[in-house]
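Enquirer: need a structure here:
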Amino acid sequence: MSQIELATYAERASQTKGRRFFEPPSRTRTAFARDRDRIIHATAFRRLKEKTQVFVAHEGDHYRTRLTHSLEVAQIARSLAHALRLDDDLAETIALAHDLGHPPFAHAGEDELVVQMAGYGGFDHNVQSFRVVTALENRYPQFDGLNLSWETVEGVIKHNGPVSHRLEEPAWSVVRPYAAGGEAGWDLRLDTFASLEAQCAAIADDIAYNNHDVDDGVQAGLFTLADLAGVPLIGPMLAEARRDWPEIDERMLRIEAVRRMIGVMVEDVLAETQARLAQDRIVTAEDVRTAKRTMVDFSAGMHADLAILRKFLFERMYRHYRVNRTRSQARRVLSQLFELFMAEPEVMPPEWGAPALTQDRTQRARAVCDYIAGMTDRYAIEVHQKLFSLDLALDL
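Expert: Predicted coordinates for the structure are as follows:
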């Protein structure tokens, strides 16, 4: 962590609430830096390199994947935390972990798993990220999961705000043991807000995806810079960059405008956050958790501009016929894999197939879901081809 004097409302690694399973502290790293390193070394993190953000990972080398997105989110979260004098290691760590539970094929993949798991306990990517770090990663002989610090796990499940109102939803049932008095014996205070560091990670996610979706959409030819001229945030940045660099080419203009838009959004968040901290008399980290609202947020004007930008992206990118075709193919692949694995769990690799070899269909479905959710785009396509192609694969 950078050598700055932390604000009174920042989290402090030296005062962590600890890990669920005791481990001696590291001699070379703070608790939160150690958490970051564990996430980076996790199998689920490496798989993000071939998981879709919007475009299927094999469609081009320059489009964002879940991995590059997570790195961009971490960079923005760390910058926000540093400016607010928070623990930037913790903000970065939560940002790196926030998408670990995303299935292949972006929202199309999640939508399909929600459908397939409707009768078997549901699916939610935030809960899946929580399960990855608390149970599914298998790298240590002493415990399942990564045994991260309390503050990191809290941020993973609560970065978007309190979640106690969701615990009756089937998909969130696995989080109930972490409520007060729960059988996990580890109260994550699910009815409160998470730390400011976690809130930085959440808002950084919004900043990153709005900007890189503009960048990727133009590169993919779904819309042009001219189409963006009248869109809030990006339109003024394009005009400003053209004024400063009259001879600038289209590629550099796109890059410069997106860079400036990120800066404008970051500055807006910092100003709004500092105003809220003052208005709500936030002094301690406990004040943050018991506050009546999120502290790290956009201004009302920025929210209005973002709504228009997102409407543009929804109409011109997320529902473009080319993206729709990919979504349709992706859902079909996952649907057919899920149905086959439910009927024939013995065709899954042993580590996933063994838990599915049960008459309890809910338990079987969860094992199937965990296997599919961990797949990369490329691996899901390859497995589907092997299992559904009429040609006998030589490696069967």
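Enquirer: now the helix or strand where residue 203 lies: mean pLDDT?
Expert: Counting by DSSP states H and E, the secondary-structure element that holds residue 203 is helix 196-219. Model confidence over helix 196-219, given as mean pLDDT, is 95.
Enquirer: in terms of secondary structure, what does the helix or strand that it is followed by contact?
Expert: Beyond helix 196-219 on the C-terminal side, the first helix or strand identified by DSSP H and E is helix 234-244. Helix 234-244 sits against helix 250-279, with contacts defined as 3 or more Cβ pairs under 8 Å, 6 or more residues apart in numbering; DSSP states H and E. C-beta here means a position set from N, CA and C on the backbone, and glycine is covered the same way.
Enquirer: the helix it packs on vs helix 196-219, what angle?
Expert: 160 degrees (axes from the mean of the first three to the mean of the last three Cα atoms, to 10 degrees).
Enquirer: for helix 250-279, buried residues please.
Expert: 253-254, 256-258, 260-262, 264-266, 268-269, 272-273, 276-277 (16 or more other Cβ atoms under 10 Å).
Enquirer: what's the offset of it from the middle of its chain?
Expert: Using Cα atoms, centre = their mean, to the nearest Å, the mean C-alpha position of helix 250-279 is found 20 Å from that of the whole chain.
Enquirer: then stretch 271-280?
Expert: Relative to the mean C-alpha coordinate of its chain, stretch 271-280 is positioned 26 Å out (Cα atoms, centre = their mean).
Enquirer: CA atoms only for that stretch, dumped as CSV, please.
Expert: In CSV, the C-alpha atoms belonging to stretch 271-280 read as follows (Å, rounded to 0.1, in the frame of the first residue of the first chain):
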residue,chain,number,x,y,z
ALA,A,271,-16.5,15.3,-5.5
GLU,A,272,-19.8,13.5,-4.7
THR,A,273,-18.2,11.2,-2.2
GLN,A,274,-16.4,13.9,-0.4
ALA,A,275,-19.7,15.9,-0.2
ARG,A,276,-21.6,12.9,1.2
LEU,A,277,-19.0,12.1,3.7
ALA,A,278,-19.2,15.7,5.0
GLN,A,279,-23.0,15.9,4.9
ASP,A,280,-23.5,12.6,6.7
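Enquirer: check the offset of stretch 238-251 from the chain's centre.
Expert: For stretch 238-251 - counting by Cα atoms, centre = their mean - the centre lies 33 Å from the chain centre.
Enquirer: output that stretch as CSV, restricted to C-alpha atoms.
Expert: Written as CSV, here are the backbone C-alpha positions of stretch 238-251 (Å, rounded to 0.1, in the frame of the first residue of the first chain):
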residue,chain,number,x,y,z
LEU,A,238,-14.9,13.8,-28.7
ALA,A,239,-15.5,17.4,-29.5
GLU,A,240,-13.0,18.6,-26.9
ALA,A,241,-10.3,16.2,-28.2
ARG,A,242,-10.9,17.4,-31.8
ARG,A,243,-10.5,21.0,-30.7
ASP,A,244,-7.2,20.2,-28.9
TRP,A,245,-5.9,17.9,-31.8
PRO,A,246,-7.5,19.1,-35.1
GLU,A,247,-5.4,16.6,-37.2
ILE,A,248,-6.1,13.6,-34.9
ASP,A,249,-7.0,10.3,-36.6
GLU,A,250,-10.2,8.3,-35.7
ARG,A,251,-8.4,5.6,-33.7
